[in-house]
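[1] Sharing a model that was predicted from the sequence below.
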Amino acid sequence: MTTTGNGHSEEPISNLEYDFVTVLHNKAEAVKAYEIYIQDAQEANSQPCVELFQKLRQSELQQAQEVRHHLQQVMEKGRM
């Protein structure tokens, strides 16, 4: 990647921005998948599985929020 004299990249997005966008996308896909898994567990009448999938979904949501925060900082400042 090349940079200009002011330290800004000439690329459309930096490697860090790309990495965080990719991770955020993967987290969003995981949340969608857990919604299906929760429905499957409900249909199987398995409350322990419902609760586990809900817990895992919540964890993904929290991680996505943290990733989003880092992405915003990287987009504004070029780094954390």
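    Here it is on my side, so go on.
[2] Packing partners of the helix or strand that contains Val67?
    With secondary structure defined by DSSP states H and E, Val67 is part of helix 47-77. Packing contacts for helix 47-77, counted by 3 or more CB pairs under 8 Å, 6 or more residues apart in numbering; DSSP states H and E, involve helix 15-43. C-beta coordinates here come from the backbone N, C-alpha and C atoms, glycine included.
[3] ok and the helix it packs on relative to helix 47-77, angle-wise?
    Between helix 15-43 and helix 47-77, the angle comes out at 160 degrees (axes from the mean of the first three to the mean of the last three CA atoms, to 10 degrees).
[4] Where does the prediction get shaky in the chain?
    Low-confidence segments of the chain (pLDDT under 70): 1-10.
[5] Let's see that with 50 instead.
    Low-confidence segments of the chain (pLDDT under 50): 1-2, 4-6.
[6] Nearest spatial neighbour of the residue most central in space within it, chain-adjacent residues omitted?
    What sits nearest the mean C-alpha location of the chain, by CA atoms, centre = their mean, is Leu24, with 2.5 Å. In space, and not counting its chain neighbours, Leu24 is closest to Val67: 5.0 Å by CB to CB, 6 or more residues apart in numbering.
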